[in-house]
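output the structure for:
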Amino acid sequence: MPIHTAPGVQVLGSVAPDQVEILSVEAQRFVATLHRCFNTRRKELLHRRVMRQYEIDAGNLPDFLPETAHIRNDPTWQGAPPAPGLVDRRVEITGPVDRKMVINALNSGSTQFMADFEDSNAPTWANNIDGHVNLRDANRRTISFQAPNGKTYRLRPENELATLLVRPRGWHMEEKHFIVDGEPCSASLFDFGLYFFHNARQSLAIGYGPYFYLPKMESHLEARLWNDAFNLAQDMLAIPRGTIRATVLIETITAAFEMEEIIYELRQHSAGLNCGRWDYIFSFIKKFRNHPDKVLPNRADVTMLSPFMDAYVRLLIKTCHKRGVHAMGGMAAQIPIKNNPQANEAALNKVRADKQREVLAGHDGSWVAHPSLVEIAMQQYNEYMPQCNQLFRRREDVNVTAADLLNINFPGSITEEGLRGNLNVALAYMESWLSGVGCVPIHNLMEDAATAEISRSQLWQWVRHNARTNEGKPITAQWVAALLDEECAKFRQQLGDQKYASSKFELAKQLLSGTISGKEYSDFLTTLCYDYIVTATAAPRM
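This is a model prediction of the structure:
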């Protein structure tokens, strides 16, 4: 339906009657102000990423920054104290912002729920705006959902609900359905701005606050940009600075060298750091993709015990606790395996071992992707962390060097099974994402964009550097293309010709084939595929 628009703003996506309040003129003006104030810096920082990649390609590998040594060496500063609802974070569940998911996650028994506009959400216009409707209703405690089978979902009593956090999209994304002064709005500022405008005061009224997770950052300067946006947003709504809390996902190799600086930039808004481990592996491959000595083996061989991953975890915990903020563990992506009790128990044992490793290392909490895993993770943290957190564990025994963060000296192999697995996962995920679903069960794991990024980046890297399988077969672009055809044929056989023809598999194959040949490399699958889910039209204006 037609809606009123703020000066300089065009809304190019369709707007349903129940979405009109989300896109009120006042909300549009708020988002547009954030974009006008910060988009130039955002673009400059994205250009800085490109220039840094050139340096890495030339052999200038990441290291701790000499120009910020004074921040790391100053023992006197601290991050913000834990905010209400964020003192005990032992188990956080994550998922997209669809209505049923929001209700189930808040009811799951977890301590927090991260509602995701990023990697587990395919950012169609409808998904994004419906997501804001859902989060508004969740904060108002009015949210409900009736499934097609008639089952009704409602929130439990207040004291049984998880604390809500929101993850906006990363700085690299744009929202092409919302135009400000003739250019697409920063997706980060769009997601953050709409949520903050509609929910900041209400979240405070229910005893918490506007809390966020920040993804994909590559430097402390990007954290500084977020902090400036937070300050302006709070000022515009007359909300005291420091009300916002944000946990930063350390999911890029360059950010791992700037952990203290990132906390420092967000000081009064910092709620700690999180080990975004799947994206971290993706970032390692991406940043060192032109270095033949940095080729990783099959994804299954890259574990949290791999030297570069273990160093990253230890440094994150030490850094966070040194500065008085939470050190959050990574994602358990397993989901229940029905009709196979033995396989299901094996999967749950992996989760138990992973969470036990985390809590013993000093993490203050962890992530799960499915409600059935909340209790499993909770048991480990309850046993080994009976108190609310471990901020007092300074880990002064840890000394992580730049070489440690780059150490990939561990056993592993590249196999045809690994190639096929990467192709299968990337195809299945991309097809689903292009169809509007960003959180996908694949091979008994709940996958999001990070897994597909690892899969296609490994394929690119193996082809680029003429890697060989365990059996000695060279991995060529021609062979990978033939395997891609075979994997697509398997999906066609599973679905049948009619369903396959109506799916997005052929488009996914086309897009994937262009980014696994060892030649052109796309920085993100989400930006590569985004235009195919854009439904922008010249909308009528009132």
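
longest helix in this structure, please.
Determined from DSSP state H, the single longest helix within the chain is helix 25-57.

which residues in the stretch 201-350 of the chain form strands?
Counting by DSSP state E, counting those that start in this stretch, the stretch 201-350 of the chain has strands at residues 211-214, 245-250, 270-275, 327-332.

helices or strands next to the first one in the packing?
So the one you mean is strand 211-214. Packing partners of strand 211-214 (3 or more CB pairs under 8 Å, 6 or more residues apart in numbering; DSSP states H and E): strand 163-167, strand 245-250. The C-beta positions use only the backbone N, C-alpha and C, and glycine is treated the same way.

check those for me and report the most buried one.
Most buried of the helices and strands packed on strand 211-214 by mean neighbour count (mean count of other CB atoms under 10 Å) is strand 245-250; its value is a mean of 26.

neighbouring strands - and their directions - for that strand?
Applying DSSP bridges, strand 245-250 is found paired with strand 211-214 (parallel), strand 270-275 (parallel).

out of those, which is the most enclosed?
strand 270-275 comes out most buried of these by mean count of other CB under 10 Å, with a mean of 28.

now that strand against strand 163-167, angle please.
Orientation of strand 270-275 against strand 163-167 (axes from the mean of the first three to the mean of the last three CA atoms, to 10 degrees) gives an angle of 70 degrees.

and the residue sitting nearest the centre point of the chain, how far is that from residue 278?
Nearest to the mean C-alpha position of the chain, by CA atoms, centre = their mean, lies residue 119 at 4.7 Å. Distance, residue 119 to residue 278, using CB to CB, to the nearest Å: 9 Å.

name the residues contacting each of the two.
Contact criterion CB atoms under 8 Å, 6 or more residues apart in numbering; residues shared by residue 119 and residue 278: 448, 450.

a markdown table for the strands paired with strand 245-250, including mean pLDDT and distance to residue 158?
Putting the strands paired with strand 245-250 into a markdown table (pLDDT from 0 to 100; distance: least, CB to CB, whole Å) gives the following:
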| stretch | mean pLDDT | distance to residue 158 |
| --- | --- | --- |
| strand 211-214 | 98 | 17 |
| strand 270-275 | 98 | 21 |
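
could the ones you listed go into JSON lines alongside distance to residue 134?
Below are the strands paired with strand 245-250 laid out as JSON lines (distance: least, CB to CB, whole Å):
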{"stretch": "strand 211-214", "distance to residue 134": "16"}
{"stretch": "strand 270-275", "distance to residue 134": "23"}
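
how many neighbours does the residue nearest to residue 476 when sequence neighbours are not counted have?
Distances taken as CB to CB, 6 or more residues apart in numbering place residue 463 nearest to residue 476, at 6.6 Å, with adjacent residues excluded. Neighbour count for residue 463, taken as other CB atoms under 10 Å: 22.

the inter-axis angle of the helix or strand where residue 463 lies versus strand 327-332?
Assessed by DSSP states H and E, residue 463 sits inside helix 449-464. Angle, helix 449-464 to strand 327-332, by the same axes, to 10 degrees: 80 degrees.

so how far is helix 449-464 off the chain centroid?
Chain-centre distance of helix 449-464: 17 Å, with CA atoms, centre = their mean, to the nearest Å.

could you do stretch 331-349 as well?
With CA atoms, centre = their mean, you get 23 Å for stretch 331-349.

need the distance between the two termini of it.
Start-to-end span of stretch 331-349 (CA to CA, to the nearest Å) is 15 Å.

same thing with stretch 357-376?
14 Å.

pLDDT on that stretch, on average?
What stretch 357-376 shows for mean pLDDT is 96.

now it: buried residues?
For stretch 357-376, the neighbour count (16 or more other CB atoms under 10 Å) marks 357-359, 361-371, 373-374, 376 as buried.

please apply the same query to stretch 509-527.
In stretch 509-527, counting by 16+ other CB under 10 Å, buried: 509, 511-513, 515-518, 521-522, 524-526.

lowest-confidence helix or strand of the chain?
When each helix and strand of the chain is scored by mean pLDDT, DSSP states H and E, strand 445-447 comes last, with a mean of 86.

list the helices and strands that strand packs on?
Where contact means 3+ CB pairs under 8 Å, 6+ apart, strand 445-447 is packed against helix 416-434, strand 440-442.

which residues touch it?
By CB under 8 Å, 6+ apart, the list of residues contacting strand 445-447 reads 333, 334, 335, 369, 370, 425, 428, 429, 439, 440, 441, 451.

wait, which of the residues you listed is closest to residue 24?
Lowest distance from residue 24 to those (CB to CB) belongs to residue 439, with 28.9 Å.

what residues are up against that closest one?
95, 96, 101, 116, 120, 121, 369, 446, 447, 448.

mind running it again at 7 Å?
95, 96, 120, 446, 448 (CB atoms under 7 Å, 6 or more residues apart in numbering).

just the buried ones among the contacts of strand 445-447, please.
333, 334, 335, 369, 370, 425, 428, 429, 439, 440, 451.

for residue 498, grab the count of nearby residues.
8.

per-residue pLDDT, it?
For residue 498, the pLDDT comes out at 96.

if we can go back for a sec, mean confidence score for the longest helix of the chain?
Averaged over helix 25-57, pLDDT sits at 98.

then stretch 379-389?
Rounded mean pLDDT across stretch 379-389 is 98.

again with stretch 216-233
Regarding stretch 216-233, the rounded mean pLDDT is 98.

for it, which positions count as buried?
By neighbour count with 16+ other CB under 10 Å, stretch 216-233 contains the buried residues 216-227, 229-230, 233.

from those residues, which two are the most distant?
218 and 233, at 22.4 Å, using CB to CB across these.

where's the closest residue to residue 163 other than its chain neighbours relative to residue 415, distance?
Distance criterion CB to CB, 6+ apart; nearest residue to residue 163, sequence neighbours excluded, is residue 85 at 3.5 Å. Between residue 85 and residue 415 the distance is 45 Å, computed by CB to CB.

who has more neighbours out of the two?
Comparing residue 85 with residue 415 by other CB under 10 Å, the one with more neighbours is residue 85, at 21 against 17.

correct me, but the more buried one touches residue 208?
Yes - applying CB atoms under 7 Å, one finds residue 85 in contact with residue 208, separated by 4.2 Å.

common neighbours of the two, please.
With CB under 7 Å, 6+ apart, residue 85 and residue 208 have common neighbours residue 163.

span of stretch 398-408 from start to end?
19 Å.

what is the burial count for residue 37?
Considering only other CB under 10 Å, residue 37 is surrounded by 13 other residues.

also residue 305?
Other residues near residue 305 number 10, with proximity taken as other CB under 10 Å.

distance of it relative to residue 311?
Computed as CB to CB, the residue 305 to residue 311 distance reads 11 Å.

before we move on, what about residue 470?
As for residue 470, its distance to residue 311 is 27 Å (criterion: CB to CB).

hang on, the earlier thing: and the two most separated of the buried residues of stretch 509-527?
518 and 526, at 21.3 Å, using CB to CB across those.

looking only at pLDDT, what's the mean for stretch 85-94?
Stretch 85-94 comes out at a mean pLDDT of 98.

and for stretch 527-542?
79.

thought residue 34 was touching residue 193?
Yes - using CB under 7 Å, residue 34 is in contact with residue 193, at 4.9 Å.

overlap of the contact sets of these two?
Residues touching both residue 34 and residue 193 by CB under 7 Å, 6+ apart: residue 233.
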